[in-house]
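Peer 1: Give me a model of this one.
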Amino acid sequence: MNLRIGHGYDIHRIVAGRPLILGGVRFEVDFGLEGHSDADCLTHAICDALLGAAGLPDIGHFFPNTDPAFKNIDSQVLLQRVRAEIRQRGFEIVNIDATVIAEKPKLQPRLTEMKSTLAKSAGLLPDEIGLKATTNEGIDDLGRGLAIAAHAVALLKRS
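Peer 2: Model (predicted):
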């Protein structure tokens, strides 16, 4: 079996006046993430991990922030398109593991919902996605609550 591993990372600044969406789930808070799309840094990190595992360019290559077609687009749509792209290249997703780094809001109560949403978009079962949340213990812009970041790892197998 031909297995391939990819890693993805994304970070976005916290800003007022935008909805906060992580893993396809909207959080009812008074801030969101700055970005061209819905700025879902978790889903973006997952997309990059999948693309990297397939040996493809990053998410910005496929969905450039200069293209108005992607303005405020739902990142779950991007994840579905990435899945189609890697399937076209002869790969299937085995599993995804990701960590969100955020001082606020508390993510733990919504992790199951986030996993379910991501699993649907990735064509996986929820137990084929590992998802954790942590803080940066007050260190740097993440720790001061000025940004949210995510790391993701994906395993693909050749179809």
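Peer 1: Geometric centre of this protein: which residue is closest?
Peer 2: T43 (1.6 Å; Cα atoms, centre = their mean).
Peer 1: Surely it forms part of a helix?
Peer 2: Yes. Assessed by DSSP: H, G, I helix; E, B strand; the rest coil, T43 belongs to a helix.
Peer 1: OK, contacts around it?
Peer 2: When contacts are counted by Cβ atoms under 8 Å, 6 or more residues apart in numbering, T43 is found next to L22, G23, G24, S75, Q76, L78, L79, L118, S121. The way it works is simple: take the backbone N, C-alpha and C, and place the C-beta from them, glycine included.
Peer 1: Could you check how far it is from N2?
Peer 2: To N2, T43 is 26 Å away according to Cβ to Cβ, to the nearest Å.
Peer 1: Mind jotting down where the strands sit in this protein?
Peer 2: Remark: strands assigned in the chain by DSSP state E are 3-15, 20-22, 25-27, 32-33, 91-101, 129-134, 147-158.
Peer 1: List the buried residues in the fifth one.
Peer 2: Residues of strand 91-101 classed as buried by neighbour count (16 or more other Cβ atoms under 10 Å): F91, I93, V94, I96, D97, A98, T99, V100, I101.
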